[in-house]
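[1] following is a predicted model, sequence given first.
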Amino acid sequence: MMTDKLLSPVRLGALELKNRVVMAPLTRCRAINPGTVPNELMVRYYTQRASAGLIISEGTLVSPQGRGYPFTPGIWSEEQIAGWRLVTEAVHAQGGKIVCQLWHCGRLSLPQYHDGQPPVSASAINPEIKMFNGAGLSDTVTPRALSVEDIQAVVADFGRAAKNAIDAGFDGVEVHSSNGYLFHQFFSACSNTRTDAYGGSFENRARIFFDVLDAIAKVMPLDRVGFRLNPMMNGMHGMTVDVDTVAMWEHVVRGANRYGLAYLHLTEVMDPKQIDGNPHALAQVSAHFRPIAHMPLISNGRFDQAKSEQFLDAGLCDAVAFGVPWIANPDLVERFARKAPLNAADPSTFYMGGEKGYVDYPALDPSLMA
Ligand SMILES: Cc1cc2nc3c(=O)[nH]c(=O)nc-3n(C[C@H](O)[C@H](O)[C@H](O)COP(=O)(O)O)c2cc1C
């Protein structure tokens, strides 16, 4: 029999969640105005979803250098802070909680976002993928390797962004340390061939991440900070799972145990093809990291209500993050409570479309959409 643990409250560090249905971070490219400032449309979208136990905001850029996509919001300017304040106040007014996902795309970017210059990364290694340019797809280029001074500037950007997130009214932050973006580019041997203090050993490859946690600790309590790992990105976003991938992530998680963080957000293997035939891959991500991580866990990746209850009952995680189901169901918690069917999502409007496919998915109770 299915239990209803998913709908029960839980505490993740200092974050008190009214239920365990987390909204996963979802880039929606709706910051369609100069300055990548959150707008009224985004306020409506997040307010509709305030029944989540916790909203993790879309990836939010810590600096112009971190850009990799069109119309993604930032959190380095006063205008952006003011825009985000409208979002957090509206979510709080509905009894919701929201943390800001802090993001730097590194080499997953295009020169068009950097005045024609290459983006930056751990090393000058082209991920050799195609990225969305606003109209179609473009080939990635060889990035510029960050100098040690540049790395210190990136660390400072994350510290400033965390401070700005607090000023904007967020309940905390999630460091986007995964999915092939900047930190992942440092962690992985396929994208980091540095020979200085930021390359080589596990300790060196993880250094920038822990420098960032130290910088964030100066501006906010770490029991309001989470981080994300998607360890089985294989053949996606230019990343591979190789002989030391699992050991590298274990090193990161063990190091993070010292910080008293709010949570670790883990993505399961989403498609068996992702790891087929790879002898270094993990089939069960939460089960592997649960005993290693001394902090609450959020699991993610193609979960439905039944699978969530199974994971929670088995003690594999403390909460579940849903991505696509939240896109199409502004009242996902209510639907789970009523065991009601879910709306299907329309992928053609994930990254474009204004109101369409963003704030117009129907709720069971139409007053939510007012
Ligand atoms: C449209 C879209 C945008 C996404 N944007 C982000 C993002 O900004 N940051 C991030 O960490 N993950 C992002 N993801 C990944 C999701 O957070 C989540 O891991 C993924 O959708 C799998 O969960 P699901 O099966 O419940 O959808 C995105 C996924 C989708 C579909």
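    Received it, and whenever you're ready, just let me know what you need.
[2] going forward, measure contacts and count neighbours with C-alpha atoms only.
    Will do.
[3] three-state assignment of residue 214?
    Using DSSP: H, G, I helix; E, B strand; the rest coil, the structure places residue 214 in helix.
[4] let me know the pLDDT of it.
    For residue 214, the model assigns a pLDDT of 98.
[5] going forward can the numbers begin at 5, since that is how I track them
    I'll keep to 5 as the first residue from here, and by that count the last item is residue 218.
[6] for it, grab the count of nearby residues.
    Residue 218: 15 surrounding residues under other Cα atoms under 10 Å.
[7] and what of residue 176?
    Using other Cα under 10 Å: residue 176 sits among 25 other residues.
[8] which ones are touching it?
    Shown in contact with residue 176 (Cα atoms under 8 Å, 6 or more residues apart in numbering): 102-104, 169-170, 228-229.
[9] so which of the residues you listed is the closest to the ligand?
    residue 104 (10.3 Å; Cα to the nearest ligand atom).
[10] need the pLDDT of the residue of the stretch 55-204 of the chain found nearest the ligand.
    Nearest residue of the stretch 55-204 of the chain to the ligand (Cα to the nearest ligand atom) works out as residue 63 at 3.7 Å. Note on residue 63: pLDDT of 98.
[11] that one: what's it in contact with?
    29-31, 76-77, 104-107, 180.
[12] how about residue 8: what's its closest non-neighbour residue?
    Residue nearest to residue 8 in three dimensions, not counting chain neighbours: residue 313, with 7.0 Å by Cα to Cα, 6 or more residues apart in numbering.
[13] what does the protein have sitting close to the ligand?
    Within the chain, the positions near the ligand by Cα under 6 Å from any ligand atom are 28-32, 62-63, 180, 304-307, 326-328, 354.
[14] those residues in strands, which ones?
    Among the residues of the chain next to the ligand, the ones falling in strands (DSSP state E) are 62-63, 304, 326.
[15] need the helices for the chain, in chain order.
    Per DSSP state H, the chain has helices spanning 44-52, 82-97, 152-171, 186-191, 206-221, 249-260, 289-293, 309-317, 328-332, 336-342. These are given in chain order.
[16] among those helices, which comes closest to residue 124?
    In terms of Cα to Cα, the element of the helices of the chain nearest to residue 124 is helix 186-191, at 8.6 Å.
[17] residues touching the closest residue to residue 356 other than its chain neighbours, list them.
    Excluding its sequence neighbours, the residue lying closest to residue 356 (Cα to Cα, 6+ apart) is residue 33, at 6.2 Å. Residue 33 makes contact with 73-77, 355-356 under the criterion Cα under 8 Å, 6+ apart.
[18] would you mind writing the PyMOL command to select the buried ones in the residues you listed?
    Selecting only the buried entries of the contacts of residue 33 in PyMOL, with 16 or more other Cα atoms under 10 Å as the criterion:
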select buried, resi 73+74+75+76+77+355+356
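[19] widest-spaced pair of the contacts of residue 33?
    Farthest pair in the contacts of residue 33 (Cα to Cα) is 77 and 356. Separation: 13.9 Å.
[20] neighbours of the nearest residue to residue 48 once chain neighbours are set aside, how many?
    Excluding the flanking residues, the one nearest residue 48 by Cα to Cα, 6+ apart is residue 363, at 6.9 Å. Number of residues near residue 363 (other Cα under 10 Å) recorded here: 22.
[21] isn't residue 363 up against residue 51?
    No. Here residue 363 does not reach residue 51: they are 9.9 Å apart, not a contact under Cα atoms under 8 Å.
[22] can I get the contacts of residue 33 in JSON lines with pLDDT?
    Below are the contacts of residue 33 laid out as JSON lines (pLDDT from 0 to 100):
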{"residue": "73", "pLDDT": "95"}
{"residue": "74", "pLDDT": "93"}
{"residue": "75", "pLDDT": "94"}
{"residue": "76", "pLDDT": "96"}
{"residue": "77", "pLDDT": "97"}
{"residue": "355", "pLDDT": "92"}
{"residue": "356", "pLDDT": "87"}
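[23] contact partners for residue 147?
    111, 122-125, 127-130.
[24] quick one, phi/psi of it?
    With angles defined as degrees, to the nearest 10, residue 147 sits at phi -80, psi 170.
[25] now do the same end-to-end measure for stretch 127-143.
    Using Cα to Cα, to the nearest Å, the span of stretch 127-143 from its first residue to its last is 18 Å.
[26] tell me the mean pLDDT over stretch 19-31?
    Computed over stretch 19-31, the average pLDDT equals 98.
[27] give me the nearest residue to residue 315, chain neighbours excluded.
    residue 321 (6.2 Å).
[28] next: residue 349.
    For residue 349, ignoring the flanking residues on the chain, the nearest one in space by Cα to Cα, 6+ apart is residue 332 at 4.8 Å.
[29] also residue 195?
    Counting by Cα to Cα, 6+ apart, the residue nearest residue 195 is residue 189, at 5.2 Å.
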